[in-house]
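[1] Model the following, please.
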Amino acid sequence: MADQKKAAILCPNCRKLIGKDESRCPYCGIARPGSRLKNNVWTRGFNDPDQIIKTILYFNIGFYVISLLFNPMMPRFTFNPMAFLSPENKSLLLLGATGTIPIDALNRWWTLISANYLHGNILHIFFNMFAFKQIAPLVVQEYGVYRMFVLYTLGGAIGFLVSYLAGVAFTIGASAALTSLIGATLYFGKSRGGTYGQTIYRQIGAWTIGIFIFGFIVPRINNWGHGGGIAAGVILGFLLGYHERKPENLFHKILAGGCMVLTITVLMWAIGSGIFYRLAGQ
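    Residues are numbered from 1 along each chain as shown. The predicted structure is shown next:
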């Protein structure tokens, strides 16, 4: 019995219980499911979609707390909800805010990634994380956890790149990454069609309209980042495919692993360089 348990593994692609020495998974057809290449740290790290969603939430919350701690004085306590517990702009700049100022003046292209994990006040992060918690499970369901992470990372970077090209001077927030997930869901609903697809398309379409109405009513909202994120999500959704058309494959896993390495490297660099410049009194 012990030998049988040792010989059994979970397929790294479909998560079905199979023999370790199977030449091909009998359920999804992936070749050599027991190979080390397909059972590496990235495969294990993405085994639990809920954990990946929670990890993104924790990184956003963690960076928000760090940005508050970077303030030389206590964070602002005010009756203005748009300024309550808001880190100062210098702290946000040191930790990786993006826009024409950080990129043109300081050549900080890496901020296209880091800005997705920074927020300007308690309401900013609350609404972004609440929306992310609503949309991410649907994207995981239709695209898979690897493609969801790629959409979040690359879509957010592209959204901020669009806002940079549009001349936005200073910007932060998970909104560009969030709207990339929305764009991919819009593409899925329209492409799939049928009752289910059209229902998804109408519901997420209403979200999209609401986002832009909110953006035009409330000052200092980066509508270029929102629009760029949605466009990136639609394009990436088309290129990456969704489950009903293309199961997740090794390319998607390698791409997600690359996005994870890039994100962790950038965020660690942001913290390290931020501490250095803060201690140097800059």
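
[2] Which SSE is immediately downstream of whatever helix or strand Leu236 lives in?
    Counting by DSSP states H and E, the element that carries Leu236 is helix 223-240. As assigned by DSSP H and E, the chain's next helix or strand after helix 223-240 is helix 250-279.

[3] tell me the mean pLDDT for the helix holding Leu236?
    Average pLDDT, helix 223-240: 96.

[4] residues making contact with it?
    Helix 223-240 is contacted from outside by 143, 147, 150-151, 154-156, 158-163, 166, 168, 171, 173, 175-188, 191, 208, 211-212, 215-216, 246, 252, using CB atoms under 8 Å, 6 or more residues apart in numbering. Any C-beta I mention is one placed from the backbone N, CA and C, and that applies to glycine too.

[5] among those residues, which ones are buried?
    143, 147, 150-151, 154-156, 158-163, 168, 171, 173, 175-188, 191, 208, 211, 215, 252 (16 or more other CB atoms under 10 Å).

[6] Could you report the separation of Glu142 from Phe170?
    Remark: distance between Glu142 and Phe170 (CB to CB, to the nearest Å) = 34 Å.

[7] OK, contacts around the residue lying closest to Val168 once chain neighbours are set aside?
    Distance criterion CB to CB, 6 or more residues apart in numbering; nearest residue to Val168, sequence neighbours excluded, is Gly99 at 5.2 Å. Residues near Gly99 by CB under 8 Å, 6+ apart: 111, 115, 160, 163-164, 168-171.

[8] can you put these in JSON lines and add secondary structure and distance to Ser23?
    Shown next, in JSON lines, are the contacts of Gly99 (DSSP: H, G, I helix; E, B strand; the rest coil; distance: CB to CB, whole Å):
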{"residue": "Thr111", "secondary structure": "helix", "distance to Ser23": "46"}
{"residue": "Ala115", "secondary structure": "helix", "distance to Ser23": "46"}
{"residue": "Phe160", "secondary structure": "helix", "distance to Ser23": "44"}
{"residue": "Ser163", "secondary structure": "helix", "distance to Ser23": "49"}
{"residue": "Tyr164", "secondary structure": "helix", "distance to Ser23": "49"}
{"residue": "Val168", "secondary structure": "coil", "distance to Ser23": "53"}
{"residue": "Ala169", "secondary structure": "coil", "distance to Ser23": "57"}
{"residue": "Phe170", "secondary structure": "coil", "distance to Ser23": "55"}
{"residue": "Thr171", "secondary structure": "strand", "distance to Ser23": "51"}
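
[9] quick one, domains of this structure?
    Structural domains annotated on the chain: 1-35, 40-279, as defined by automatic domain parsing.

[10] Surely Val139 is in contact with Leu181?
    Yes - at 5.0 Å, Val139 counts as touching Leu181 under the criterion of CB atoms under 8 Å.

[11] which neighbours do these two share?
    148, 151.

[12] Which ones among the contacts of helix 223-240 lie within strands?
    If you go by DSSP state E, the contacts of helix 223-240 have nothing in strands.

[13] Helix, strand, or coil at Tyr64?
    Three-state call for Tyr64 (DSSP: H, G, I helix; E, B strand; the rest coil): helix.

[14] list the contacts for it?
    Counting by CB under 8 Å, 6+ apart, Tyr64 has contacts 87, 118-119, 125.

[15] cutoff 6 Å now
    Residues near Tyr64 by CB atoms under 6 Å, 6 or more residues apart in numbering: 119, 125.
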